[in-house]
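Engineer: based on what follows, work out the 3D shape:
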Amino acid sequence: MRFLVLLLVLLARVQAAPVQPLDSEQDLRQAFESLKGHPRLILFVSPGCKGCFWATRFVERNALTEHPERDLRLMIVWVPVFPLDDETRANNAAIQSQDPRVSAYYDRHATASRWFYQHVIKDWPGLNEKPAFRREKAWDSFFLYGADATWEDLNKGLGGATIQLERQKLLDGLAELYR
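Structural biologist: Next up, the predicted model:
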């Protein structure tokens, strides 16, 4: 009986499918633009990376949970980086998020992540030299934008990598945004 209950719980978690698919940079653009009017924070993270999982929880707690008055929208883009990264792991990680200001996506072929690297990070002085981008895709990184930012403003926000190493930079950027 306990096995059946456990199986039902696991199936319910998988069927919940909290991550939305990102199959192109256009999907990312549509998601970004749909949140115009709100400050936006994009995290690119790997579902199999414990540091990335920790970073998403840290960001959610410090940017949202401790500040319920903020209209910030957090976009978590789960990107396959390691061999065992898959949509199930991304769903399991995304289930941990309970805040309605969080949207989770799975970039199954890393198409949006690679596009972001090629068109935003690659030409961003200082950021393009970070070891996190050696794979030529966005991951273990954050990008913070104001409420009026457009798709054309992607390289004008506040960016950093790794999230864990540059968490204070992100917290300072959020404080400045809400000052």
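Engineer: the strands in this structure, which residues?
Structural biologist: Secondary structure of the chain (DSSP state E): strands at 19-21, 40-45, 73-78, 102-106, 141-145, 158-161.
Engineer: and these as a markdown table, adding mean pLDDT, mean neighbour count and distance to residue 29?
Structural biologist: All C-beta spots, glycine's among them, are computed from the backbone N, C-alpha and C. Below are the strands of the chain laid out as a markdown table (pLDDT from 0 to 100; neighbours: other CB atoms under 10 Å; distance: least, CB to CB, whole Å):
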| stretch | mean pLDDT | mean neighbour count | distance to residue 29 |
| --- | --- | --- | --- |
| strand 19-21 | 95 | 17 | 14 |
| strand 40-45 | 98 | 26 | 12 |
| strand 73-78 | 98 | 25 | 12 |
| strand 102-106 | 96 | 23 | 12 |
| strand 141-145 | 98 | 25 | 13 |
| strand 158-161 | 97 | 22 | 17 |
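Engineer: could I get those strands as a markdown table with distance to residue 34?
Structural biologist: What follows is the strands of the chain, written out as a markdown table (distance: least, CB to CB, whole Å):
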| stretch | distance to residue 34 |
| --- | --- |
| strand 19-21 | 11 |
| strand 40-45 | 10 |
| strand 73-78 | 9 |
| strand 102-106 | 9 |
| strand 141-145 | 13 |
| strand 158-161 | 21 |
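Engineer: now for these, which one comes closest to residue 169?
Structural biologist: strand 158-161 (5.1 Å; CB to CB).
Engineer: quick one: list the elements packing against the closest one.
Structural biologist: Applying 3 or more CB pairs under 8 Å, 6 or more residues apart in numbering; DSSP states H and E, we find strand 158-161 packed against strand 141-145, helix 167-177.
Engineer: give the buried residues for stretch 85-104.
Structural biologist: For stretch 85-104, the neighbour count (16 or more other CB atoms under 10 Å) marks 85-87, 89-95, 97, 101-104 as buried.
Engineer: widest-spaced pair of those?
Structural biologist: Spanning the widest gap among these are 86 and 101, at 25.9 Å by CB to CB.
Engineer: any low-confidence regions in this protein?
Structural biologist: 1-17 (pLDDT under 70).
Engineer: that one: helices as residue ranges?
Structural biologist: 2-16, 25-34, 50-59, 87-95, 111-116, 167-177 (DSSP state H).
Engineer: burial count for residue 50?
Structural biologist: When neighbours are defined as other CB atoms under 10 Å, residue 50 has 8 of them.
Engineer: what separates it from residue 23, distance-wise?
Structural biologist: In this view, residue 50 and residue 23 are 27 Å apart by CB to CB, to the nearest Å.
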